[in-house]
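Undergrad: Mind looking at a prediction? Sequence and model below.
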Amino acid sequence: MLFSLTTQELMERPDLWEAVHRLRYRVFVEEMGWTDLQRPDGLEIDQFDHDEAVHQIVIRNGELAGYQRMLPTTRAHLLTDVLADLYEGTPPSGPNVYELTRYAVAPGFRDGRRGVSTVGTELIAGFVEWGLKRNVNQVIIEFEPMWVLRALQLHFLATPLGYQRTYGNQQVVATLLTFNEHTLDVVRSRRNHFAPVLARGYPDMLGQRRAS
Amino acid sequence: MGHFDRTLELIDQLQHAGTAAAVCEKLLGVTSGFGLTALMAGTVPQPGTPRNQQKDHVLLCDWPAEWLERYVARNYVDHDPVVSHMKQLQAPFQWREASQGIRIGKSGGEVMGDAGEFKLRDGLAFPLITLDGQIVMVSLGGEAVELSSAEFGLVSLVSTYAIGRAMQLHTMAGKTIDHVELTPRERECLQWAAVGKSEWEISQILGISEHTSEKHLLNAKSKLGAVNRVQAVAEAIRRGYIN
């Protein structure tokens, strides 16, 4: 189950809010070593957690298993404000283009040795479903070049927005992914799970398992 | 047109290439500018994979044909220092690093020496990891390879798009072969076989001869690639042709 919440909705649920920012800290500061984001409280929060950000959350067995944040490109976002050396020319923007940031799978949910976990593909299915419902058909992602292959395997149309750069020990390339219903079909058949993943409303309190 | 626009145009062409050969040609069109004139990409076979199955792992290949033959015939994949280096490192590197950085066993030296015979003196290789965690090895080679680290990045990015396209073409080809067209009669016979009816019983139910019902089942069996009737029924259910 994937829930899509506004920043306001997330803040109304302190348990979720804290789990989200703690997972982001764990993954991006502790594992990836993005030391600029270090904070004593162990929560990762930045200037883009504004009122138009969309937080997508995967819950498994009452635990936060995966997360990604969608940012509108109609106002300042990472590519334009922080990662400006990752694009050449004018980056795409508009109501149909979002930037996908902070894609994270919680450590306990990374099944598969090297491949993408089922939580990882649920996040992908989730943003495609979410986008198609609201006429969003493109996302900008800054990811390792390796992900280009996976995006093509899922039948996204991929376009690099600039050259790849090295940040610390990581290679990063900004890429525009375009998708349609066909992409959703491919993602679903790769997952072998055809039902929609996007749920309405709020998840239960964390730590509480659903009866069924 | 700027340098980046040329790259974009190329990547666009790659994503519309209709065959693996066209993908190869486009990619080598770029890389040959850096002395990389030969290409091999594929999933890495487990050590000990039978020779006749090794070629199934190839996604893109524009190596000299004789070299590929020799590579497979002599089972070089299990001894190639470039392959073993990549399995350890899981990051891009130049062939010369593979031969310098690690001690090459006698068989490894033979592979590299032999490659030189085919004007593959140096090259670069890098691993990619698919959705399901399979390693795809990409190896580009030539006689004199010269490229800066930025160019290395460009070549590996463009190659990634090429492999992605090759994998798309691979799955699409797989689907056409995989799709089985059963006639309505074949499906009916399978459906009755699935509930345990014999050929004679099926012939009575459908009002056809026993010989005909047997023929329908045999046809369905061969179309589904099954070795016996039980497997044909199981396969038809798995594919959703009967329920």
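TA: The structure has been received and is ready for your questions. Numbering: from 1, shown residues only, chains lettered A, B, ... in the order given.
Undergrad: which stretches of the chain form strands?
TA: Assuming you mean chain A. Here chain A has its strands, by DSSP state E, at A:2-6, A:54-60, A:63-72, A:97-105, A:138-143, A:157-160, A:165-167, A:170-178, A:198-199.
Undergrad: ah, I was thinking of chain B
TA: Ranges of strands in chain B, per DSSP E, are B:38-43, B:58-61, B:93-94, B:122-129, B:135-142.
Undergrad: Could you see whether chain A lies near the shortest one?
TA: What that stands for is strand B:93-94. No: against chain A, strand B:93-94 shows no contacts by C-beta under 8 Å from any C-beta of the partner chain, the least distance being 13.6 Å. Bear in mind the C-beta positions are built from the backbone N, C-alpha and C, glycine included.
Undergrad: list the contacts for the closest residue to residue A:43 other than its chain neighbours?
TA: Distances taken as C-beta to C-beta, 6 or more residues apart in numbering or on different chains place residue A:21 nearest to residue A:43, at 3.9 Å, with adjacent residues excluded. Listed by C-beta atoms under 8 Å, 6 or more residues apart in numbering or on different chains, the contact set of residue A:21 reads A:43-45.
Undergrad: follow-up on the earlier one: need the strands of chain B in JSON lines (columns: mean pLDDT).
TA: Shown next, in JSON lines, are these (pLDDT from 0 to 100):
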{"stretch": "strand B:38-43", "mean pLDDT": "87"}
{"stretch": "strand B:58-61", "mean pLDDT": "84"}
{"stretch": "strand B:93-94", "mean pLDDT": "73"}
{"stretch": "strand B:122-129", "mean pLDDT": "85"}
{"stretch": "strand B:135-142", "mean pLDDT": "87"}
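Undergrad: quick one: is stretch A:116-135 near chain B?
TA: Yes: using C-beta under 8 Å from any C-beta, stretch A:116-135 reaches chain B at A:116, A:121.
Undergrad: If you count neighbours, what's buried in that stretch?
TA: Using 16 or more other C-beta atoms under 10 Å in any protein chain shown as the burial criterion, the residues of stretch A:116-135 that qualify are A:116-132.
Undergrad: mean confidence score for it?
TA: For stretch A:116-135, the mean per-residue pLDDT is 96.
Undergrad: Using PDB, write down the CA coordinates of it.
TA: This file holds the C-alpha atoms of stretch A:116-135, laid out as PDB (Å, rounded to 0.1, in the frame of the first residue of the first chain):
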ATOM      1  CA  VAL A 116      15.300  -3.700  -6.900                       C
ATOM      2  CA  SER A 117      13.200  -4.800  -3.900                       C
ATOM      3  CA  THR A 118       9.400  -5.200  -4.100                       C
ATOM      4  CA  VAL A 119       9.100  -2.000  -2.000                       C
ATOM      5  CA  GLY A 120      11.400  -0.300  -4.500                       C
ATOM      6  CA  THR A 121       9.100  -1.300  -7.400                       C
ATOM      7  CA  GLU A 122       6.000  -0.400  -5.400                       C
ATOM      8  CA  LEU A 123       7.400   3.100  -5.100                       C
ATOM      9  CA  ILE A 124       7.800   3.200  -8.900                       C
ATOM     10  CA  ALA A 125       4.400   1.800  -9.600                       C
ATOM     11  CA  GLY A 126       3.100   4.300  -7.100                       C
ATOM     12  CA  PHE A 127       4.400   7.500  -8.700                       C
ATOM     13  CA  VAL A 128       3.400   6.300 -12.200                       C
ATOM     14  CA  GLU A 129      -0.200   5.700 -11.000                       C
ATOM     15  CA  TRP A 130      -0.300   8.900  -9.100                       C
ATOM     16  CA  GLY A 131       1.100  10.800 -12.100                       C
ATOM     17  CA  LEU A 132      -1.300   9.400 -14.600                       C
ATOM     18  CA  LYS A 133      -4.300  10.300 -12.400                       C
ATOM     19  CA  ARG A 134      -3.300  14.000 -12.300                       C
ATOM     20  CA  ASN A 135      -1.900  14.500 -15.800                       C
END
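Undergrad: could I get the strands of chain B as TSV with mean neighbour count?
TA: Converted to TSV, the strands of chain B look like this (neighbours: other C-beta atoms under 10 Å in any protein chain shown):
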stretch	mean neighbour count
strand B:38-43	22
strand B:58-61	20
strand B:93-94	18
strand B:122-129	23
strand B:135-142	23
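Undergrad: Residue A:161 and chain B: what is the separation?
TA: According to C-beta to the nearest C-beta, to the nearest Å, residue A:161 stands 9 Å off from chain B.
Undergrad: okay, the strands of chain A in TSV with mean neighbour count next?
TA: Below are the strands of chain A laid out as TSV (neighbours: other C-beta under 10 Å):
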stretch	mean neighbour count
strand A:2-6	20
strand A:54-60	22
strand A:63-72	22
strand A:97-105	23
strand A:138-143	23
strand A:157-160	20
strand A:165-167	13
strand A:170-178	20
strand A:198-199	16
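Undergrad: between these, which gets the lowest average pLDDT?
TA: The bottom spot among the strands of chain A, by mean pLDDT, belongs to strand A:165-167, with a mean of 84.
Undergrad: So which other helices or strands are in contact with that strand?
TA: For strand A:165-167, the packing partners by 3 or more C-beta pairs under 8 Å, 6 or more residues apart in numbering or on different chains; DSSP states H and E come out as strand A:170-178.
Undergrad: which other residues reach the strand it packs on?
TA: A:32, A:79, A:83, A:86-87, A:91-92, A:97, A:137-145, A:147-148, A:151, A:156-166, B:153, B:157.
Undergrad: how far is it from where the chain is centred?
TA: 13 Å (C-alpha atoms, centre = their mean, to the nearest Å).
Undergrad: Tell me which residues are up against stretch A:23-39.
TA: With contact meaning C-beta under 8 Å, 6+ apart, stretch A:23-39 is reached by A:42-46, A:64, A:67, A:102, A:104, A:106-107, A:168, A:170.
Undergrad: Now for those: which two are most distant?
TA: A:64 and A:168 (25.9 Å; C-beta to C-beta).
Undergrad: Residue 23: neighbour count?
TA: No chain specified, so I'll use chain A. By the criterion of other C-beta atoms under 10 Å in any protein chain shown, residue A:23 has 22 neighbours.
Undergrad: um, chain B though
TA: By other C-beta under 10 Å, neighbour count at residue B:23 equals 27.
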